[in-house]
Structures are given as C-alpha cells and as structure tokens.
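Enquirer: Output the structure for:
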Amino acid sequence: MSGPGAGIATAEVGEDAASRCRSIGIARSRCIGSVRTRPRWNGSGRHMTDGDSVRSAVREVRAGFGIDGRRVDRIGRLLADGAFHTVEEVVARTGSSRRTVEAVLRTLAPHLEAQGDARRIAKRHVGEYGDIFGEPVEIPDPWTERARRDPGAIEAMDALVRAAPPAVQALDHVPATAETVLKRARYLLDGFDLRGAHVLCVGDHDLTSLGLFVAGGAEGLRVSVADIDERLLAFIDAEASRKGWDVRCHAADLRLGLPASLRESCQVVFTDPPYTPEGVGLFVVRGLEGLGDQRNGRVLLAYGYGEQQPALGLAVQKALNPLHLVYEAMLPGFNRYVGAQAIGSAAALYVLRPTKRTAGAVRAAAEDPRTAMYTHGAQSVEAGTGALDDAAAARIVELASAESPLLVGDGWPAKAAGRRVSLRDFMAAPLPRNLQGHGTVLVNLYPGFGASAVRALLAANAPRVGLVCRNDLPFLRDAEGQREVRRLAGPGYRVERMLRGVPSSGMALVLAERNDRPADAAERVLAHIHARAHGKIGNGWREGLIALRKADGRTLTKAEARRAIASAADRPGLLERSLIDLPAHLLPVLDEQVRRSVEALPD
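Expert: Next up is the predicted model:
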C-alpha cells in the first residue's frame with residue numbers, strides 16, 4: 001500500500017498494538033513509544049506497506065516483554081512452522097498464557113490464515129519474520145528426556161489418565177499430562193532413595209501415586225493418597241490392587257485435617273493443590289504434618305501463575321513464608337496440563353525442605369480456622385458462609401426433637417442452646433468426656449462440607465444425629481443416592497428422614513438414629529467398629545468379635561479373634577487405619593470381611 005493512507009494504516013496498527021499490550025498488562029510507554037508521531041515513511045525513504053505495519057506492531061508487542069521477548073518468539077515460530085495450531089495448542093506448546101497468545105494472534109491477524117479454529121502465518125509471509133522471531137533457543141530438560149526414554153510407560157500412563165474420573169471444577173481439578181506424571185516420578189525415584197520409603201500424595205487427581213509404579217517404583221515403596229474425591233480414590237485403589245502396587249487411599253477433607261494414621265509417617269510429600277494462597281498454604285501444611293523425617297524430608301509442590309500476573313505468585317509465596325521452608329529448587333514449566341490456559345497450561349515444580357522452625361509454624365498454621373480455598377463452588381474463597389439465622393436453627397432443633405443438643409460446626413446463632421464444638425475437632429478425634437452423652441448431635445455441614453456427611457455420622461456416636469447440608473448433594477438428588485448413603489451408614493445408623501428445602505431453600509436436613517437392633521452377628525460386630533470410628537479398625541474388629549461371643553455366654557481370646565480376622569482381612573494396612581478415613585468404596589469390603597471373620601470363629 002502506498003500514498004497518504006500508508007501512514008494512517010501504520011498508526012492504526014500501532015494503536016491496536018497499544019491496546020494489545022495494555023490487555024496483557026504492559027505499559028504503553030514500553031510497548032508503543034510515540035506511535036502517533038511516527039512518520040509515514042520508513043527509514044529507507046520508501047512508503048510503509050501493510051506488511052511493514054504488521055511487522056512493526058509485532059516488534060512493539062515483543063518489545064513490551066523486555067528480556068522475556070523470547071516468549072513471543074516461541075509463539076511466532078510455532079505459528080510459522082507450516083502447520084495450523086489452535087489457541088489451546090499454542091498455549092500448551094509454548095507455556096504462555098492464553099492472554100498472551102491471543103494478543104500475539106491479534107497482532108499477526110493480517111498475516112494469518114485459518115483452518116477451522118486453528119491458525120498459522122501464511123506461507124507467503126513466513127520469511128518476513130525471520131529477523132523478528134530469530135532462531136529457536138531450546139533449553140534441554142533432563143527430566144523430560146528421562147521420561148521419554150520409556151514410551152511404553154508414557155502409553156500406559158496416558159491410558160490411566162484417560163480412564164480416570166473426570167475433573168471436578170469445584171475442586172479446581174486440571175489433569176496433568178501423562179508425560180508430566182512420569183517426569184514427577186522420575187524426579188522422585190532418581191532424585192531420592194525411595195527404597196522402603198513412604199510417599200504421601202496430598203491430593204492426587206493427576207495420579208502421581210500410580211505414576212511412581214508405572215515408572216518402575218522402588219523396592220518396598222509405599223504410597224498413600226489423601227483426597228476428598230471418592231471416585232478418584234476408588235479408581236486409584238482398583239488400579240493399584242489390580243497391578244499389585246502398594247498404594248493406600250484415605251478419604252480426607254484436608255480443610256478438616258490429615259488422617260491420624262498419616263501424620264508423621266512419610267519421608268516425601270507430593271502435592272498439586274488449588275492455586276490460591278489459601279489452597280497452597282493448606283495443602284503444604286498438611287504435607288508437612290505427614291512428614292515423619294523433618295530433618296531429611298521434602299515437600300514437592302506444583303504451582304503456577306500467568307507470566308503477566310507475578311502478584312499472584314507473590315501472594316502464594318507469602319502464604320508459605322511463615323512455614324520457614326527452604327526453597328531447594330524451583331523448576332519453571334516442569335508440569336504441563338490439559339487445560340489451565342490462564343497459566344500457560346504449565347506450572348513450576350518447587351522442592352521445599354523444612355527447617356528447625358518449621359514444626360512449630362506448622363502447629364500454629366494447622367489451627368487456622370479458614371476453610372475456603374478453591375476458586376469455584378461452595379468451597380471457594382468467594383463463597384458465602386454457613387451462618388444459620390435464629391428461625392432456621394430453631395426449626396432444625398424442633399425437627400430433631402433435640403433438647404440441649406451438641407452443636408457442631410460454625411454458623412449456629414448465639415441464641416441456639418447447646419454445647420458447641422468445631423467441625424474440625426469433631427472429625428479429628430473422639431469427643432472429650434465433657435462433650436459426650438448428648439442425646440442429639442446437630443452438625444452444620446452447610447454449604448461446603450457435604451462430602452463429609454457419612455463421616456459425620458461415624459464421628460457422632462450419639463443416639464440421634466441431624467446433618468444440615470446443601471440440598472443438591474449427590475446422595476440427596478435421587479433414590480439411588482439415598483439408598484447408597486443409607487447402606488453406608490447402615491451398621492451404625494438408620495437414616496430416617498431426608499428433608500430437602502429445610503430449614504430453608506437450598507438446604508437439607510438429614511435425620512438419623514443409632515442402629516440399636518443389628519440384624520445379625522456380623523452387623524453387631526460392624527456396629528462395634530462404627531461406634532469406635534476414630535480408632536484403629538483392627539482393634540474395634542477384635543473387640544467386637546470378643547463382645548459377640550461374650551453376649552452369647554462364651555469366651556473368645558484375643559489370639560483367637562486375631563486369627564479369625566487374619567483369615568478374612570486381605571487389604572494391606574486396613575487394620576491399622578480408622579473407619580472415619582476409609583474410602584466409601586471400601587466400607588462394603590470391610591462388611592464382607594467382617595462377615596467372613598464371624599464365620600471363621602471357632603465353635
């Protein structure tokens with residue numbers, strides 16, 4: 001293009017570039033300079049063409065990134081490789097945020113051609129960008145290279161990732177790629193001596209627990225998973241059991257604490273938490289609670305933020321500062337994801353090591369009453385509280401026929417009569433003697449603790465229990481869900497009423513009574529175990545068998561009870577665990593094994 005319009009076109013492109021730079025947080029002065037005063041002629045004395053205008057705008061956007069300009073180079077070279085690429089693919093391949101990728105695409109728009117949703121620089125324009133994007137600069141990643149040495153392992157891991165339960169938005173799930181899972185495994189297996197070690201995965205939607213064994217594992221390696229997602233726990237447990245891998249799953253709402261059997265038990269922790277300061281801080285604290293070797297142990301943390309949002313990264317680092325951790329390593333872009341385009345589908349790997357001051361800091365942080373940590377849903381940092389007004393609380397007490405009940409959880413109004421205990425303390429251990437003996441326990445799980453409904457029944461150990469929760473939970477929505485929760489609670493409680501829309505819209509009230517009339521001998525033993533949900537399953541099981549025989553006027557020694565249990569129990573570590581953190585899919589397994597142990601009792 002020539003003539004007077006050329007200068008105008010150049011200015012327009014420059015203004016577009018200014019807008020693009022502003023959209024990704026780059027100051028106008030850095031990005032554009034004096035666009036409005038640019039002459040209509042280029043430095044060689046000829047008119048600026050449309051091509052000159054586009055290239056000039058690209059240079060301006062690149063200049064806005066300063067020393068980070070190679071980020072734009074990677075995007076540009078990918079678009080110039082002759083293939084068509086979607087925005088999602090460019091984000092994943094370059095590690096740049098969607099915001100940055102779209103800004104570069106808008107700047108290049110006049111020189112792009114499309115195929116559906118994919119774009120590339122038109123072949124006739126590719127040569128015009130050699131001096132802008134330059135030659136590729138590839139920094140070798142030894143952990144990627146090590147993972148790729150075993151394509152069979154990547155294929156096996158990819159099959160597991162594809163078969164895993166779908167992501168839950170309310171839990172901020174974004175799956176890592178199969179290659180990333182194996183990179184993590186290689187880092188752990190090659191960087192540390194894991195023979196005979198215990199690794200704890202604090203949350204494991206990415207299946208890092210399974211990845212350790214897909215990558216070859218180590219002699220005597222044991223991996224534990226603490227997660228709130230029952231579907232995920234069932235999947236991991238089934239895959240590990242099928243292949244003979246020692247992976248043990250624990251149901252845990254980490255906001256309420258780490259299962260007792262996992263505390264001070266492991267040498268290495270891996271966690272990929274919700275990417276909020278609250279989420280990262282809480283998951284790291286739970287991991288540190290699980291470390292049994294505070295001198296040599298490590299916490300490996302996956303965390304990322306958009307390249308134009310360093311304030312988010314700073315907020316997370318500030319959340320970790322009070323824990324007095326050493327940052328032994330930070331590997332940028334180590335983790336890659338299917339999604340998470342706001343952070344470039346990538347996150348760094350942090351290697352954290354405790355110091356002498358960490359243990360005390362962890363004890364203080366563990367008492368933090370804040371529980372909101374996700375970016376979506378009822379548990380998000382922006383969600384409302386579970387406060388009940390006077391009328392709602394009175395209605396709950398009336399329906400539960402409760403006199404001076406024990407009130408569990410936050411949100412009970414000051415006028416509500418009854419002793420009080422936090423949900424965290426209620427779920428963590430048996431109630432102290434001064435809080436036992438209440439005829440009715442009322443537990444406020446609204447709005448974000450509904451996943452702990454069955455476990456709240458296990459913890460209550462009272463004649464009558466009322467649970468307040470959201471009315472859209474899976475176990476309330478349909479008959480199948482209601483049958484399932486009744487079955488899971490069955491040995492300990494009979495669920496009598498499920499009142500949706502009570503005490504107000506959006507809420508539900510579940511009323512249950514202790515099962516004082518077990519159907520048979522096995523159910524009597526199970527009721528004994530359920531009444532001691534915080535204790536070791538093995539102890540409750542043994543004492544339940546002894547009590548069963550005693551009720552029949554017979555004697556059973558501890559040794560005889562242990563032999564009967566040993567003949568039936570075939571799950572690794574089951575006897576050392578607590579019923580309250582046993583995944584829901586294992587409750588029927590325990591039921592069946594208890595029945596077999598009753599049948600194995602000596603005549």
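
Enquirer: N471 is in contact with G506, correct?
Expert: Yes. If you go by Cβ atoms under 8 Å, G506 and N471 touch, sitting 6.0 Å apart. (C-beta placed from N, C-alpha, C; glycine too.)

Enquirer: So for the two, which sits in the more crowded spot?
Expert: N471 (19 against 11; other Cβ atoms under 10 Å).

Enquirer: I'd guessed that one sits against L509; true?
Expert: No. Shown here, N471 and L509 do not form a contact pair, counting by Cβ under 8 Å, at 9.2 Å.

Enquirer: Would you map the helices across the stretch 101-250 of the chain?
Expert: Applying DSSP state H, counting those that start in this stretch to the stretch 101-250 of the chain gives helices spanning 123-126, 130-133, 142-148, 151-163, 178-191, 208-214, 230-243.

Enquirer: now swap in the stretch 251-400 of the chain and tell me
Expert: 277-290, 310-320, 358-365, 390-399.

Enquirer: Just give me the neighbour total for R554.
Expert: Neighbour count of R554, defined by other Cβ under 10 Å: 12.

Enquirer: again, but for P166
Expert: By other Cβ under 10 Å, 8 other residues sit near P166.

Enquirer: ok, now V174?
Expert: Neighbour count of V174, defined by other Cβ under 10 Å: 18.

Enquirer: Show the contacting residues for it.
Expert: Residues near V174 by Cβ atoms under 8 Å, 6 or more residues apart in numbering: A167, Y337, V338, G339, A340.

Enquirer: Roughly how far does it sit from G304?
Expert: 10 Å (Cβ to Cβ, to the nearest Å).

Enquirer: hey, what's in contact with both of those two?
Expert: Common neighbours of V174 and G304 (Cβ under 8 Å, 6+ apart) are A340.

Enquirer: circling back: rank the helices of the stretch 101-250 of the chain by pLDDT, which is bottom?
Expert: Least confident of those, judged by mean pLDDT, is helix 130-133 with a mean of 91.

Enquirer: tell me what that helix is packed against?
Expert: Here helix 130-133 touches helix 50-64, helix 70-79, going by 3 or more Cβ pairs under 8 Å, 6 or more residues apart in numbering; DSSP states H and E.

Enquirer: Only alpha carbons, please: show the helix or strand following the last one as PDB.
Expert: Elements were assigned by DSSP states H and E; along the chain past helix 70-79, the next helix or strand is helix 87-94. What follows is helix 87-94 as a C-alpha-only set of coordinates in PDB (Å, rounded to 0.1, in the frame of the first residue of the first chain):
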ATOM      1  CA  VAL A  87      -5.000 -21.300  20.700                       C
ATOM      2  CA  GLU A  88      -5.100 -24.200  23.100                       C
ATOM      3  CA  GLU A  89      -2.300 -26.000  21.300                       C
ATOM      4  CA  VAL A  90      -0.200 -22.800  21.200                       C
ATOM      5  CA  VAL A  91      -0.700 -22.300  24.900                       C
ATOM      6  CA  ALA A  92       0.300 -25.900  25.700                       C
ATOM      7  CA  ARG A  93       3.300 -25.900  23.400                       C
ATOM      8  CA  THR A  94       4.800 -22.600  24.400                       C
END
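
Enquirer: for this protein, which strand is longest?
Expert: Secondary structure of the chain per DSSP state E: the longest strand is strand 325-336.

Enquirer: got the buried residues for that one?
Expert: L325, A329, L331, G333, F334, N335, R336 (16 or more other Cβ atoms under 10 Å).

Enquirer: Can you give the contact residues for it?
Expert: Strand 325-336 has contacts (Cβ under 8 Å, 6+ apart) with 92, 95, 141, 143, 176-177, 179-180, 183-184, 187, 272, 284, 298-299, 302, 304, 344-355, 358.
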